[in-house]
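1. this one's sequence-less:
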């Protein structure tokens, strides 16, 4: 069993409209590479040309913003849940 | 019919049809409403606006709504007051207060929700929803009641009683989330992906955001069709600051005002949650999220979606940013109340104290036309200033009255 990924609407065209997918990964960086290999086009959607996460993309690991963890180096475990959430206005 | 042509990504300019969409499929950038400004320019005029209703709907030519029947509880056209007493304390001779705390649900959020609710009905939604730090929940519930829609509002569980009751009275379903606003937001994004509801600040965001700019349009009109030199604005997500400036720019674009816009924009936050101010003052273009810990709960957004645009707007306009100490929040609320008779919530206290500091820093000159934006009502955040309530309790006798008046403890018999 890998990590469970919640896919937001803007990315579901890449995942054949699946709102949840599972991939193998031991870090957030690997998760992005695994998604790219399973669903080509994923990486350029969430990362800019310089390999940084796009400003308007928030990635959460088990509900925690990965920017409060170790960013793309954050370790993931089997059974973890990853959410990809576009930035939202407030408040 | 409106003058809207499309939704357009603010980042990569890809265009989308006018639907309940908020995020660019390609780069995740925010979608914004695009208008045919030439057509607006032909239709609108100062006279036409001045003859319009005393609400935000007097600016309908610049709002993204087709229907003539707006969801309207009379948002907008709030007082703009010259503030001579406060000005004297701060050393300003040309200070104005835009008192948006007297909107129908007691915050500026009625402007954005009136637009979003109207659009939600146009799109055929039956449920109005939002993630909120409190004021937005009050406004969504009120407008849903007026529109005959259902409402489900999501708030952090630690909000002030005035905001929870101020929303609950209109009969929404309230979900109080064990977490801060940023967590409420994340949950709501996921819900919005699965439920066909109009989340005013998520899938309705392009339309919602347009309501904010009416604050700019209104201030310029109320100043006798003049732009202020300085605007001091409370910042949470950062949208309001950018949209006020956008309103000024559009007035030039459609021929209501002569350009260029001279106004400098200033962000006010409290240090317990000041990611936008900190990024600006560090010269950063991006905002790093923080974990909020501030009594100014309506501004406690740690991951502000429009933070980078607020920073760009401050830079381009020659403005600045100030983070006030937490203890200055209540001081600002009291100063405003004692000098001008306006009881604002914590966000207004942040603005007044930030203004005081900006003057001290030499950024705002004595004679320069300055507008401070008071966006929410003090009755909603009574907890932070409850120490002011120290009535002189006396027996109903002249003796006790006079003793109390002269500062003596009344004799108890």
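-> Received the coordinates, thanks. The shown structure was predicted, so the numbers you read here are calculated from the model rather than taken from an experiment. Numbering: from 1, shown residues only, chains lettered A, B, ... in the order given.
2. so how far is chain A from residue B:281?
-> 19 Å (Cβ to the nearest Cβ, to the nearest Å). The way it works is simple: take the backbone N, C-alpha and C, and place the C-beta from them, glycine included.
3. which residues touch that residue?
-> Neighbouring residues of residue B:281 by Cβ atoms under 8 Å, 6 or more residues apart in numbering or on different chains: B:321, B:323.
4. Contact residues of chain A facing chain B?
-> A:6, A:8-10, A:13, A:19, A:45-46, A:54-58, A:60, A:63, A:65, A:67-68, A:83, A:85-91 (Cβ under 8 Å from any Cβ of the partner chain).
5. and the residues you listed, which of them are in helices?
-> A:45, A:46 (DSSP state H).
6. From the residues of chain A next to chain B, keep the buried residues only.
-> Buried residues within the residues of chain A next to chain B, counting neighbours by 16 or more other Cβ atoms under 10 Å in any protein chain shown: A:6, A:8-10, A:45-46, A:54-58, A:60, A:65, A:68, A:83, A:85-91.
7. Stretch B:373-384 and chain A, any residue contact?
-> No - interface with chain A: stretch B:373-384 contributes nothing (Cβ under 8 Å from any Cβ), its closest point being 11.3 Å away.
8. Compute the first-to-last residue distance for that stretch.
-> This stretch, stretch B:373-384, spans 20 Å end to end (Cα to Cα, to the nearest Å).
9. Would you mark the buried spots in that stretch?
-> B:373, B:374, B:375, B:376, B:377, B:378, B:380, B:381, B:384.
10. ok, residue B:46 to residue B:179 distance?
-> 47 Å (Cβ to Cβ, to the nearest Å).
11. Counting neighbours, what do you get for the nearest residue to residue B:178 once chain neighbours are set aside?
-> Closest residue in space to residue B:178, ignoring its immediate chain neighbours: residue B:157 at 5.4 Å, by Cβ to Cβ, 6 or more residues apart in numbering or on different chains. Other residues within reach of residue B:157, judged by other Cβ atoms under 10 Å in any protein chain shown, total 12.
12. Likewise for residue B:178?
-> By other Cβ under 10 Å, neighbour count at residue B:178 equals 9.
13. isn't it right next to residue B:158, touching?
-> No - the pair residue B:178 / residue B:158 is not scored as a contact, 9.1 Å apart, by Cβ atoms under 8 Å.
14. which residues sit in contact with the residue nearest to residue B:178?
-> Shown in contact with residue B:157 (Cβ under 8 Å, 6+ apart): B:176, B:177, B:178, B:179.
15. for residue B:222, same thing?
-> residue B:80.
16. Is it correct that residue B:34 falls within a helix?
-> No - applying DSSP: H, G, I helix; E, B strand; the rest coil, one finds residue B:34 to be strand, outside a helix.
17. three-state assignment of the residue lying closest to it once chain neighbours are set aside?
-> In space, not counting the residues next to it along the chain, residue B:34 is nearest to residue B:8; the distance is 4.4 Å by Cβ to Cβ, 6+ apart. At residue B:8, secondary structure determined by three-state DSSP is strand.
18. ok, now how distant is residue B:8 from chain A?
-> For residue B:8, the distance to chain A - Cβ to the nearest Cβ - is 15 Å.
19. surely that residue meets residue B:21?
-> No - between residue B:8 and residue B:21 there is no contact under Cβ under 8 Å: 11.1 Å.
20. Mutual contacts of the two, please.
-> What both residue B:8 and residue B:21 touch, as defined by Cβ under 8 Å, 6+ apart, is the set residue B:31.
21. what distance separates stretch B:259-267 from the centre of its chain?
-> 18 Å (Cα atoms, centre = their mean, to the nearest Å).
22. Could you say which helix or strand holds residue B:193?
-> helix B:181-194 (DSSP states H and E).
23. So which elements touch that helix?
-> Applying 3 or more Cβ pairs under 8 Å, 6 or more residues apart in numbering or on different chains; DSSP states H and E, we find helix B:181-194 packed against strand A:81-86, strand B:127-131, strand B:150-156, strand B:173-177, strand B:198-199.
24. Which of these has the lowest mean pLDDT?
-> Among those, strand A:81-86 carries the lowest mean pLDDT, at a mean of 93.
25. which secondary structure elements does it contact?
-> Helices and strands touching strand A:81-86, by 3+ Cβ pairs under 8 Å, 6+ apart, are strand A:3-6, strand A:57-61, helix B:181-194.
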